[in-house]
Every structure is written in C-alpha cells, then in structure tokens.
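any chance you could fold what I've pasted below:
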Amino acid sequence: MATLIINAGSVTIKYKLFDSELKLLLSGMIDNKNGRYVSEIIKDGQEYSWDITKEQFLNSANLILNECQGHTIEKIGFRIVHGGEKFKEPTLLTDAVLKELEALNNLAPLHNPPALKKIREFRELISDIPFYAVFDTAFHSKMPPKAYMYALPYEYYQMYSIRRYGFHGISHSFIISELHKLEPDAKKIISCHLGGGASIVAIMERNSIDTSMGFTPLEGLIMATRAGDVDDGAVYYLQEITHFNDDEFNEIQNKKSGLLGISGYTADMRTLLQDEAAGNERAHLAIEMYIYRIQKYIASYIGSLNGVDAVTITAGVGAGSDIIRKRIFEGLSYFNLRVDPKLNDGRINVAENLKISAFGSCPIWIIPTNEELEIARQIQNL
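Modelled structure (predicted):
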C-alpha cells in the first residue's frame, strides 16, 4: 500500500509516492518552463525527463497516476498553503471542506486555487480512497495573540480575520522534527527557510511563537521577488503618484520586488554572488539587504525566545550557498552563533543534515527540507 503526496503550485506540480513505512518509491515534478511543459521523475534509481503538451500539464493527474502504476495507492495528501483560522490539523477532504476552502481563496490567491483545482482533478479519477489536506498555516496556529495580531482596530480581526498567519509551516515542521533527533535538548529554536520565498520562525518547545510572514507571504524577509517588510505609507504614496491600480501594484509587490527589484535584472542569488564578485554594486546592495534583514529577524527572535538553543537553515539559498551562510553568521557572533569555515566553506546544495557551527558555538544545522515527507508523516495514521 502506498501514499501519494501532491504539492501543486501554479507553474509546478511536485509529487512523491511513499510505501507504508514512508520509504520513497518515486518522486516527480511537472513544470511550466516559460511555456515549455516538462515532466521529470526519479524512479528505480533512474532519472527521466521529457516534454509534455500543455493539455497534459493542465490535466496532470492522469500523468501522475500513470507513473504510479504497479503501486496500490491507499490515500493522497495535498499541501494547502492557507487554512485560515479553522483548519489547524490534517483534514479529510469532503465536498463541504472543499467549499469552505474555496471561501479562503482570496487569502492566498496565488497558492490555494491551483491546489484545489488539482484536488478536484484527482477526485474525478479516483473516488474510493481518502484525500487529506495538510496546511502551511497550521504550524503557526499556536502563536499567541501578541504575536499574530496587528495593531489595527480590533473589529477588523473580528469581522475579516485580519491577522498574521505565517507560512512555510510544513517545511518548518519537518525541520523541527529532524532537529529533535539531532539536538534533543534544544527547546528555543530559530528555523530559517531561505528559498525563493523566505521566512524565519521562533520556536519554543516545538511550537511556533512568532514568524516573519504575516497575513500573506509578502511580509518579513527580502525574497527573490517579494520586498518583505515595507512601510504601508510608501505603498500608498507610490500608488498615488504612479496611478498603478491594485492588480498592477500586487504584481510589483509579488513578482518585481525583492532581489529582482533591487538588482534590477535577476532574482537568482547565484548570479548575484558572481556579479558582486565582479564589482556590480547593485548586486552587492541586494545581497547586503537580504543578509541584513535575516540578521535582524534572528536577533529579534533571540529576544522573543529569551535565548537560543539551536538555529537551522534550509531551502535553496540556505542549503545552497556557503557564502550567504557565512555572511549571515558573521554578524551574529555576539549571540555565540559562529560558523566553522572547515565545515561550511565549499558546501553548496547540501543534501544531508550538516552541522556547521564552530566549537563552543550554539548549534547551527543545515537540514534539507522535505515537505512531501512531512505531509506523509502527518497523514500516515489517519
């Protein structure tokens, strides 16, 4: 018996199939690469890649199930980014639940609709096994009101649920489970998910007590194409003088800001590091701003936790760049967070758990994330 996990975005669908003991059987990705549709899979130790049609991309459930032939699927788990205030646990997907989730689409318009579309697509093909949703926001559901409330008139929270929800929760949950095996006595933990999207979480006794992302994934750190924290007054002023409508400004904030906005030409950290080394001042500025914002949040969360027992780093930039890791922690030595160059330097695209802290330092771990495995773990006994 096998469990299929679907992690569906607007341009990429990732999937993994696990056996009853959560051993990986196969993993795949279906991607829209600027209008070129590609299916990739790792199966029986072999990697395969081939072009597919747009129709196959749009109706990828058939393709995925075809790749899973020979295995009996007993349940399917789906990543849902936003569960609002109601959905705080893995949830059986019924018609009623799907209707409630559709009502949350306006809270995560870039993320929830593609996932719900994919769920319905699978339900048309398979009707005799349970489907479950696991929510990114659920990990942050125990944040205290002092951390999740905005200092806006309280009735807006009561009427419209305007509050900080936090995201990347499935990733952070996986990281903390892994760290618990490595540092079982660590209670005050700062988890850094540094990818195209980026967030930091302050964790006490395995519970999120604060996180950098807010009502949407726009808040917090500087990201590939998102600005992170920006004074709303600056936004209102820009809208007034540029006359951009809401949709245009939403596009700017989500897709044209961050590293791309500051550099003016790329959101790729690898390119920025190469160009910085060649003397590009805008690349240097983008990287310095990116690192400084991370340092601010880590230092802030040490205050929120009243100390720190371990720091974790994951995702494309976090696990991928030894230079970024080195520069982040060079500014945090006051807190006894120090990287050992012998353990860190030259380690790029780290694929296994790796401790990089210097002797006597607070533990610093690179832990590659695995959202699909975390979803499978959460629904294993349902």
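
so where do the helices sit in the stretch 151-300 of the chain?
154-160, 169-182, 232-242, 246-255, 258-263, 269-277, 281-305 (DSSP state H, counting those that start in this stretch).

for His111, which of those is the nearest?
helix 246-255 (11.1 Å; Cβ to Cβ). The C-beta positions use only the backbone N, C-alpha and C, and glycine is treated the same way.

the closest one vs helix 232-242, what angle?
130 degrees (axes from the mean of the first three to the mean of the last three Cα atoms, to 10 degrees).

list the helices and strands helix 246-255 packs on?
helix 232-242 (3 or more Cβ pairs under 8 Å, 6 or more residues apart in numbering; DSSP states H and E).

which residues touch the helix it packs on?
Helix 232-242 is contacted by residues 244, 249, 253 when judged by Cβ atoms under 8 Å, 6 or more residues apart in numbering.

average pLDDT across stretch 324-333?
What stretch 324-333 shows for mean pLDDT is 97.

stretch 233-243 now?
91.

dump that stretch to PDB, restricted to CA.
In PDB, the C-alpha atoms belonging to stretch 233-243 read as follows (Å, rounded to 0.1, in the frame of the first residue of the first chain):
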ATOM      1  CA  GLY A 233       2.800  54.700   3.700                       C
ATOM      2  CA  ALA A 234       5.400  54.200   1.000                       C
ATOM      3  CA  VAL A 235       3.000  51.900  -0.800                       C
ATOM      4  CA  TYR A 236       0.100  54.400  -0.600                       C
ATOM      5  CA  TYR A 237       2.400  57.200  -1.800                       C
ATOM      6  CA  LEU A 238       3.600  55.200  -4.800                       C
ATOM      7  CA  GLN A 239       0.100  54.300  -5.800                       C
ATOM      8  CA  GLU A 240      -0.900  57.900  -5.600                       C
ATOM      9  CA  ILE A 241       2.000  59.200  -7.800                       C
ATOM     10  CA  THR A 242       2.200  56.300 -10.300                       C
ATOM     11  CA  HIS A 243      -1.600  55.700 -10.600                       C
END
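
so how far is that stretch from its chain's centroid?
Put simply, stretch 233-243 sits 29 Å off its chain's centre (Cα atoms, centre = their mean, to the nearest Å).

buried stuff in stretch 89-108?
Applying a neighbour-count criterion of 16 or more other Cβ atoms under 10 Å, the buried positions in stretch 89-108 are 90-91, 93, 97, 101, 104, 107-108.

give me the low-pLDDT residue ranges for the stretch 1-150 of the chain?
Across the stretch 1-150 of the chain, the ranges flagged by pLDDT under 70 are 10.

show me where it has strands.
2-8, 12-19, 24-33, 36-43, 46-51, 73-80, 91-92, 131-135 (DSSP state E, counting those that start in this stretch).

need the buried residues of stretch 89-108 in TSV with distance to Glu352, can you?
Below are the buried residues of stretch 89-108 laid out as TSV (distance: Cβ to Cβ, whole Å):
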residue	distance to Glu352
Pro90	27
Thr91	32
Leu93	34
Val97	37
Leu101	35
Leu104	36
Leu107	36
Ala108	32
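
quick one, domains of this structure?
2-141, 182-371 (automatic domain parsing).

Leu152: which of these is closest?
Closest to Leu152 of the domains of the chain is domain 182-371 (Cβ to Cβ; 10.4 Å).

hmm, back to that, which of the contacts of helix 232-242 sits closest to Leu22?
Looking across the contacts of helix 232-242 and measuring by Cβ to Cβ, the closest to Leu22 is Gln253, at 38.1 Å.

related to what we said a few turns ago, can you name the two of the buried residues of stretch 89-108 that are farthest apart?
Farthest pair in the buried residues of stretch 89-108, by Cβ to Cβ: Pro90 and Leu107, 19.2 Å.

coming back round to it: so which of the strands of the stretch 1-150 of the chain is nearest Gln380?
strand 2-8 (7.2 Å).

neighbouring contacts of the closest one?
13-20, 22, 25, 64, 68, 71-79, 114-115, 117-119, 122, 371-373, 375-376, 379-380.

again, but for stretch 351-369
With Cβ under 8 Å, 6+ apart as the criterion, stretch 351-369 contacts 171, 174-175, 178-179, 182-183, 186, 193, 308-315, 318-319, 325, 329, 335-340, 343-344, 347, 350.

quote the end-to-end distance of it.
9 Å (Cα to Cα, to the nearest Å).

and that stretch, what's buried?
For stretch 351-369, by 16+ other Cβ under 10 Å, it's 354-358, 361-369.

among the contacts of stretch 351-369, name the buried ones.
171, 174-175, 178-179, 183, 186, 193, 308-315, 318-319, 325, 329, 335, 337-339, 343-344, 350.

just the ones of those residues in strands?
193, 310-314 (DSSP state E).

quick check: the farthest pair among those?
His193 and Ala310 (15.1 Å).

next, count neighbours for Met269.
23 (other Cβ atoms under 10 Å).

quick revisit: just the buried residues from the contacts of strand 2-8, in PyMOL please.
Buried subset of these, written as a PyMOL selection, criterion 16+ other Cβ under 10 Å:
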select buried, resi 13+14+15+16+17+18+25+64+68+71+75+76+77+78+79+114+115+118+119+122+371+372+373+375+376+379
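
pretty sure Thr266 is touching Glu276, no?
No. Using Cβ atoms under 8 Å, Thr266 makes no contact with Glu276, being 11.5 Å away.

list phi and psi for the closest residue to Glu219 other than its chain neighbours.
Of all residues not flanking Glu219 in the chain, Met213 sits nearest, at 5.3 Å (Cβ to Cβ, 6 or more residues apart in numbering). Dihedral angles phi and psi of Met213 (degrees, to the nearest 10) take the values phi -80, psi 160.
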